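>>> Sequence first, then the predicted structure, then my questions.
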Amino acid sequence: MAEQTLSRRMALCDRVVLFVLFVSSTLPRTFSGAEDAACVLAGSCILPCTFDPGEELVIHWIQMKTGNPVHSFYHQQDQFERQHQSFKGRTSLFKDQDPGKGNASLQLRGVTIQDEGRYKCYSGTTAGTKESFHTLSVYAPVRRVDIHRVENRITCSSEAVYPKPELTWTTSPRSNGTLRHQTTVQQTEQQLYNISSTLEDPAPDLDYSCTVKSWMSQRRSTWFPPTSIRRSGAETTIPCRSSSSPPTSLIWTFNHSQVILNQNGSDFTVSEAWRPHVKSSSESGRLTLEDLTPNQEGIYICELSDAEETFISSSVLRLEESPGGTAQDSHNNDAVIAGGVVAAILLFGSLITATIVCYRRRRNTQTDAQRNNAGNFEGQQMNLLNVNRK
């Protein structure tokens, strides 16, 4: 019985709507041209529509390419019974449906690529009817462009872009030769596009920029040739190519794999393995390290981004070494050499002292012998004199 009652009520409502539409068709009718709306994928979008103030307001939004009902309003309330499943829970009208205000705009949430196309807004009151058409376009902006170099190739890529993007290469200073590159574009199951391009045999002294452009958005990344630096003193500062605009993010990595630090706005995070070595990071991106060991020798990559561009620079860090060891070994060797010199001086002094003592002893021995020989000679002379006297 309850189902039959509900069915009768719906049928009655439909008759009332048809009657209102019939009456409205006899009233003055106006048409308006198409109005465009650009909507970000998965975001919220508003399709504008107005109506002539009057009583007995009826509003119908319809997707033209499918004919699906998007949203309906009559009897002073939203009507969701006949709304197409693809729009369930995603539409609403502004709640100021006072006939004197004339606002029939549609708010669409969680925009999908399937939502693209033309829409019709029908509005009717006792004052007349009105139809307007609106084109909804969807785009997924270029949010990130990755660029890196491996051996004699530079690769640039971007993912999840809509509609189909384009990719271009430039250099600074400007290259006189042709930039040989190969670009591929693939569309995912979600109808988004991934684009990638590989540049062959880049010159070692040029800055390479890659720009990915799609409708309503574009972004560029620049790769700079690596620089070589050596540790000086107890601290080492590694430079980073800065942006003229306020930076939005900063990422430092080591040897293309270890994340040293990650900064988004005011949030600053240093990985646990690098906390003993990271002293500070400046606003321009410079990284200051301390207490380095040979394990920290390698390639440091700075990725600094602003609202429109990403700058990627790398530095090769080497610790100061002596011919036979590392900087620590050099310090130890200096201590050993200094100790050896002191020992040699002490030994040399001991040898000199021993030589003097031996010389003096030998001299004394010779003097005693001479004295003994002289005494023996005198004794022999006395004996000869005694014999002669006898």
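Everything's here; your move.
>>> who's in contact with stretch 84-96?
Contact with stretch 84-96 is made by 59, 61, 63, 66, 68-71, 73, 78, 80, 83, 103-110, 114, as judged by CB atoms under 8 Å, 6 or more residues apart in numbering. (Glycine included, C-beta is placed from N, CA and C.)
>>> Try it again at 6 Å.
The contact list for stretch 84-96 (CB atoms under 6 Å, 6 or more residues apart in numbering) reads 68, 69, 70, 71, 73, 103, 105, 107, 108, 109, 110.
>>> Can I get it in CSV, CA atoms only?
Output in CSV follows, covering the C-alpha atoms of stretch 84-96 (Å, rounded to 0.1, in the frame of the first residue of the first chain):
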residue,chain,number,x,y,z
HIS,A,84,20.8,10.3,-13.2
GLN,A,85,23.0,8.0,-11.1
SER,A,86,26.2,9.6,-12.3
PHE,A,87,25.2,12.9,-10.6
LYS,A,88,23.9,11.5,-7.3
GLY,A,89,25.2,13.4,-4.3
ARG,A,90,27.2,15.9,-6.5
THR,A,91,24.8,18.6,-7.3
SER,A,92,23.0,21.4,-5.5
LEU,A,93,21.3,24.7,-6.2
PHE,A,94,21.8,27.8,-4.2
LYS,A,95,19.4,27.9,-1.3
ASP,A,96,18.1,31.4,-1.9
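>>> Domain ranges for the protein, per the record?
Per automatic domain parsing, the domain ranges recorded for the chain read 2-139, 140-225, 226-332.
>>> Take these and lay them out in TSV including mean neighbour count.
Shown next, in TSV, are the domains of the chain (neighbours: other CB atoms under 10 Å):
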stretch	mean neighbour count
domain 2-139	15
domain 140-225	16
domain 226-332	15
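>>> This protein: helices as residue ranges?
Ranges of helices in the chain, per DSSP state H, are 2-25, 327-389.
>>> Contacts only, for residue 236.
Residue 236 touches residue 289, counting by CB under 6 Å, 6+ apart.
>>> Bridged to it, which residues?
residue 289 (DSSP bridges).
>>> From residue 292, how far out is it?
In this view, residue 236 and residue 292 are 6 Å apart by CB to CB, to the nearest Å.
>>> do the same with residue 94
Residue 94 is 62 Å from residue 292, by CB to CB.
>>> And for residue 231?
6 Å.
>>> now swap in residue 75 and tell me
Taking CB to CB, one finds residue 75 at 76 Å from residue 292.
>>> just residue 56 next, same as before
Applying CB to CB to residue 56 and residue 292 gives a distance of 80 Å.
>>> Need the mean per-residue confidence for stretch 224-236.
Averaged across stretch 224-236, the pLDDT comes to 87.
>>> I meant stretch 111-129, not that one.
On average, stretch 111-129 scores 95.
>>> any idea how far that stretch is from the chain center?
42 Å (CA atoms, centre = their mean, to the nearest Å).
>>> pLDDT below threshold where in the stretch 51-200 of the chain?
Residue ranges of the stretch 51-200 of the chain with pLDDT under 70: 95-100.
>>> So which residues of it form strands?
Under the criterion DSSP state E, counting those that start in this stretch, the stretch 51-200 of the chain contains strands at 58-63, 69-74, 77-79, 91-93, 106-108, 117-125, 128-139, 146-150, 153-161, 166-172, 181-187, 193-200.
>>> Would you give the sheet partners of the fourth one, along with the direction of each?
Strand 91-93 has these partner strands in its sheet, going by DSSP bridges: strand 106-108 (antiparallel).
>>> cool, the third one as well?
When pairs are called by DSSP bridges, strand 77-79 turns out to pair with strand 69-74 (antiparallel).
>>> again, but for the last one
Strands that pair with strand 193-200, judged by DSSP bridges, come out as strand 153-161 (antiparallel), strand 181-187 (antiparallel).
>>> could the ones you listed be laid out in CSV, adding distance to residue 305?
As requested, the strands paired with strand 193-200 are exported to CSV (distance: least, CB to CB, whole Å):
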stretch, distance to residue 305
strand 153-161, 13
strand 181-187, 23
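>>> out of those, which comes closest to residue 287?
Residue 287 lies closest, by CB to CB, to one member of the strands paired with strand 193-200: strand 153-161, at 23.4 Å.
>>> just the angle between that closest one and strand 166-172, please?
140 degrees (axes from the mean of the first three to the mean of the last three CA atoms, to 10 degrees).
>>> Tell me how far the residue nearest to residue 68 when sequence neighbours are not counted lies from residue 71.
Counting by CB to CB, 6 or more residues apart in numbering, residue 84 is the residue found nearest to residue 68 once chain neighbours are left out, at 3.7 Å. Plainly put, residue 84 is 10 Å away from residue 71 if you go by CB to CB.
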